[in-house]
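Could you look at this predicted model? Sequence included:
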Protein chains: 2
Amino acid sequence: METNAAIDAFAALAQGTRMEVFRRLVRAGPEGLPAGGVARALEIPANTMSTHLAILERAGLVTSRREGRLVYYAAAFDRVRALIGFLLEDCCAGNPEVCGGVAEIARQAACCSAKPSS
Amino acid sequence: METNAAIDAFAALAQGTRMEVFRRLVRAGPEGLPAGGVARALEIPANTMSTHLAILERAGLVTSRREGRLVYYAAAFDRVRALIGFLLEDCCAGNPEVCGGVAEIARQAACCSAKPSS
DNA sequence: TCAATAATTCCAGTATCGTGGAAATATGGA
DNA sequence: TCCATATTTCCACGATACTGGAATTATTGA
């Protein structure tokens, strides 16, 4: 992942409303949620929500697809993985000894426990 | 890691100069670098650098210690790990299937290859 | 104590961001 | 075609961020 892409992603997540939106989209899974639904859930005007969603999308953290009158936004999980990879490599480069715990964190996360060490 | 702490960390990294500073500190290792050295290396005025370093420190991403006339800043590797953990848990929560690759990323990273699966 | 060096704080100018009202642009149904 | 609904775009206001000059605060050595 390129540095500028990572910076854009960090900037997108460095804002309370967008962080909350992103968390909801993550929890909604690959099918995502319609823009209006998120706006109503967070009690935020539709245009403001549209702006935030556009920022998340420009940062690559979410994708959108139109379904009839609704526009569904969904978390781009691969981009989150890429972002974690960026942090990992940035963290580990030249400092092997200080990053030992990350693989364990990943393995302990509920989602990854299904993947044994091989 | 609390959400607000993560937001502060993202905001701190969502800025070109600070990202570059942080990378240099990461590469410098636990002993860190003096503020002036980083400022000179990046050709940035000392006061501006001081502001950026303070933001990184408030975000918990770096620590500082005075050594004589110099103030050394060092990357807070445990906080980076916590940040990755935040992303992991936020990403994985409710979506086990989409996070499978993270443990592998961590394991493949040069720094973590020393740690076999146990 | 005084001078030199390192770093921070104070302050102001400019730029960018977050917000939401109003208008414009899809889309589907009658 | 016309209307209702969903979303986006346009625009402007206030708040916050980035930057660096000047002054201030440590710290060391003479």
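Done, it's in.

Read off the pLDDT value for the nearest residue to residue A:52 once chain neighbours are set aside.
Leaving out its chain neighbours, the residue that sits closest to residue A:52 by C-beta to C-beta, 6 or more residues apart in numbering or on different chains is residue A:18, at 4.9 Å. In this view, the C-beta of every residue, glycine as well, is placed from N, C-alpha and C. For residue A:18, the pLDDT comes out at 98.

residues near residue A:18, how many?
23 (other C-beta atoms under 10 Å in any protein chain shown).

Repeat that for residue A:32.
23.

and the residue nearest to residue A:52, what element?
Here residue A:18 sits within helix A:16-28, counting by DSSP states H and E.

Tell me which residues of that helix come out buried.
A:18-26, A:28 (16 or more other C-beta atoms under 10 Å in any protein chain shown).

repeat for stretch A:73-88
Applying 16+ other C-beta under 10 Å to stretch A:73-88 flags A:73-77, A:79-88 as buried.

Does chain B have contacts with it?
Yes. Judged by C-beta under 8 Å from any C-beta of the partner chain, stretch A:73-88 and chain B are in contact via A:75, A:77, A:80-81, A:83-85, A:87-88.

Could you tell me which of the residues you listed are located in strands?
In this view, the residues of stretch A:73-88 next to chain B that belong to strands under DSSP state E are residue A:75.

how about the residues of stretch A:73-88 next to chain B in TSV, adding distance to residue A:45?
As requested, the residues of stretch A:73-88 next to chain B are exported to TSV (distance: C-beta to C-beta, whole Å):
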residue	distance to residue A:45
A:75	22
A:77	28
A:80	27
A:81	32
A:83	29
A:84	32
A:85	35
A:87	33
A:88	38
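
Give me every residue in chain A that's in contact range of DNA strand C.
Those residues of chain A that sit near DNA strand C, judged by C-beta under 7 Å from any atom of the strand, are A:11, A:14-18, A:44-45, A:47-48, A:51-52, A:55, A:66, A:68-69.

May I see the PyMOL selection of the buried members of those?
Selection of buried members from those for PyMOL, criterion 16+ other C-beta under 10 Å:
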select buried, chain A and resi 11+14+15+18+44+52+55
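
Shouldn't residue A:8 be within a strand?
No. Secondary structure of residue A:8 (DSSP: H, G, I helix; E, B strand; the rest coil): helix, not part of a strand.

just the angle between the top helix by length along chain A and helix B:77-92, please?
Criterion DSSP state H: the longest helix present in chain A is helix A:77-92. Helix A:77-92 and helix B:77-92 are oriented at 170 degrees to each other (axes from the mean of the first three to the mean of the last three C-alpha atoms, to 10 degrees).

What is helix A:77-92 packed up against?
Using 3 or more C-beta pairs under 8 Å, 6 or more residues apart in numbering or on different chains; DSSP states H and E, the elements in contact with helix A:77-92 are helix A:3-13, helix A:101-108, helix B:16-28, helix B:77-92, helix B:101-108.

repeat that with 10 Å
If contacts are counted by 3 or more C-beta pairs under 10 Å, 6 or more residues apart in numbering or on different chains; DSSP states H and E, helix A:77-92 sits against helix A:3-13, helix A:16-28, helix A:101-108, helix B:3-13, helix B:16-28, helix B:77-92, helix B:101-108.

ok, which pair from the buried residues of stretch A:73-88 is furthest apart?
A:73 and A:88 (26.6 Å; C-beta to C-beta).

what's around the residue of chain A found nearest DNA strand D, how many residues?
Residue of chain A nearest DNA strand D, by C-beta to the nearest atom of the strand: residue A:36 (1.9 Å). By the criterion of other C-beta under 10 Å, residue A:36 has 14 neighbours.
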